[in-house]
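> Predicted model and sequence follow; I will ask about them next.
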Amino acid sequence: MNHFLYPKTYRTPVWQRLLITGFGLFFCFLSAMLLTTAFGGAESLIPFGLFFLLLGLLLPIFVLSTKLVLYEDKIEQANLFSSRALYRHEILGYRRRIVKNATMIDLLPHRPEQKKITVSRQYVDDAKFIEWLNGLRNLDEIDELAAAKEIEQDVSLGATPEERTAKIKRWRQMLNVVTYGYFAVIILLFFMPLSKSILIICLMASPLICIGLLAYSRHFTIIELDKASLLRKLNLQPLLMFSSVAFYPVLLGIRPGLASLPLHWQKPLVLALVCGILLTLLVINFSRGAKITWAGIFAILPPLVVYAGGVSVLLNAELDHKESTSYRLTVIGKHMTTGKGAANYLDVSSSDAEYPGDTSFKVSRELYDSMQQGGHICAKIHPGAFSMAWENVVPCENNQ
């Protein structure tokens, strides 16, 4: 390296400094107005005035004090609240990551007690920074080479290194097609006149398939998040996530009559948490040789809880063959909502003081159009297959 090029100081672009300084001045002006009003008698505005004053002062100071300095033997990063440096011999290597279509570079230290330094996108393409970076290890390339070597040496994947590499590549392409295809099919099924049982089976299938593949082969992973593992293995986590996302339309009632939510939320919530934790433990059990981290566990736990909750709600109603209790309700109003959550609602009342159900129902358009104010519908309270009472409304029969 040519030491005459150093130190090299990088600061926030001028236009960003001007913009943020402008915001700071605006907040100071707003603070002055609030404090003037407060001292005139509206004392409740004093905290807001002081808050905007502090914000208006800190924003420009923070952006003006933020800098990155390259030395021949170290890199230093500083702002209003902190300053840290890494010498070249302290840096294990660097990794690139994409954040909102912009490349960031993480400089990782050898020692875990030291913090990494992240170089923001406006500096990574600078010629001097690239020159400084060239002397460090590219950990992404090292991981890619190690993963490729491991795949080439895995005799269970084929007879030759070329066959093994091609097989993993083919599996990865197939998994991508299955993942996005599954989500598209599920969304399509919501709007097709198929039986409820078929849709429930499709919704339930994906996580069970993921766990089955995980148990079948060590070449699949769900819980690992590190790049090195994802280069060597086939990641099932997107498919698991999509199956969880597919339950949101169910639980939000986009297709009326598909999911009948329990009347009380406590038991379904506990059941969802317990089953979600059990499924997570099952994933951990089948993740042979995987690098288990808390980050990986908490990445899959929420979607599995949603999945478990959705399945329990669906099966609680679908498998319920017990006798129900019927209540005759009077329609006292009806309304429609618009936008993304557009739906049809009937507002009802009951003369039976023991009626435990809702007083507003999301119903199909057909039932909505057939009911008028003062008309009657019947609510049926079902005990539930899992002892979680649920309710549905139907037109009353003549003798009800």
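Noted; the coordinates are in hand.

> The residue nearest to Phe81 when sequence neighbours are not counted sits in which helix or strand?
Leaving aside its chain neighbours, Phe81 sits nearest to Phe62 (7.8 Å; criterion: C-beta to C-beta, 6 or more residues apart in numbering). (C-beta placed from N, C-alpha, C; glycine too.) According to DSSP states H and E, Phe62 maps onto helix 46-65.

> hmm, back to that, relative to Arg137, how far out is the residue nearest to Phe81?
For Phe62, the distance to Arg137 equals 32 Å [C-beta to C-beta, to the nearest Å].

> More neighbours: which of the two?
Neighbours were counted for Phe62 and for Arg137 using other C-beta atoms under 10 Å; Phe62 has more, 15 against 12.

> hang on, the more buried one packs against Asn79?
Yes. Proximity of Phe62 to Asn79 meets the contact threshold set by C-beta atoms under 8 Å, at 6.2 Å.

> list residues touching both of those two?
Common neighbours of Phe62 and Asn79, using C-beta atoms under 8 Å, 6 or more residues apart in numbering, do not exist here.

> buried stuff in the helix holding Phe62?
For helix 46-65, a neighbour-count test (16 or more other C-beta atoms under 10 Å) marks Gly49, Phe52, Leu53, Leu55, Gly56, Leu59, Pro60, Val63, Leu64 as buried.

> Output those in CSV; the columns should cover pLDDT.
Listed next are the buried residues of helix 46-65 as CSV, based on pLDDT from 0 to 100:
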residue, pLDDT
Gly49, 87
Phe52, 90
Leu53, 91
Leu55, 92
Gly56, 92
Leu59, 91
Pro60, 90
Val63, 89
Leu64, 88
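
> From these, pick the one nearest Leu319.
Comparing the buried residues of helix 46-65 against Leu319 with C-beta to C-beta places Leu55 closest, at 55.9 Å.

> by contact count, what packs against the host helix or strand of Ala215?
Per DSSP H and E: Ala215 is located in helix 196-216. With contacts taken as 3 or more C-beta pairs under 8 Å, 6 or more residues apart in numbering; DSSP states H and E, helix 196-216 sits against helix 161-190, strand 220-221, helix 237-245, helix 266-286, helix 294-318.

> Would you mark the buried spots in that helix?
For helix 196-216, the neighbour count (16+ other C-beta under 10 Å) marks Leu199, Ile200, Cys202, Leu203, Met204, Ser206, Pro207, Ile209, Cys210, Ile211, Leu213, Leu214 as buried.

> So what touches it?
182, 185-186, 189-190, 220-222, 236, 239-240, 242-244, 246-247, 250, 257-258, 279, 282-283, 286-287, 304, 307, 310-311, 314-315, 318.

> Is there a quick ChimeraX command that grabs whichever of those residues are buried?
Per 16+ other C-beta under 10 Å, the buried members of the contacts of helix 196-216 correspond to this ChimeraX selection:
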select :182,186,220,221,222,236,239,240,242,243,244,246,247,250,258,279,283,286,287,304,307,310,311,314
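
> thinking again about what came up before, now the residue nearest to Phe81: how far from Asp106?
Remark: distance between Phe62 and Asp106 (C-beta to C-beta) = 22 Å.

> now Asn235
Remark: distance between Asn235 and Asp106 (C-beta to C-beta) = 21 Å.

> These two - which one has more neighbours?
Neighbour totals were compared for Asn235 and Asp106, and Asn235 leads with 19 against 14 (other C-beta under 10 Å).

> ok, Met371 - contacts?
Residues in contact with Met371, defined by C-beta under 8 Å, 6+ apart, are Val331, Lys334, Leu346, Ile377.

> Does Ala228 touch Ala147 like I think?
Yes. The criterion here is C-beta under 8 Å, and Ala228 meets it with Ala147 at 6.6 Å.
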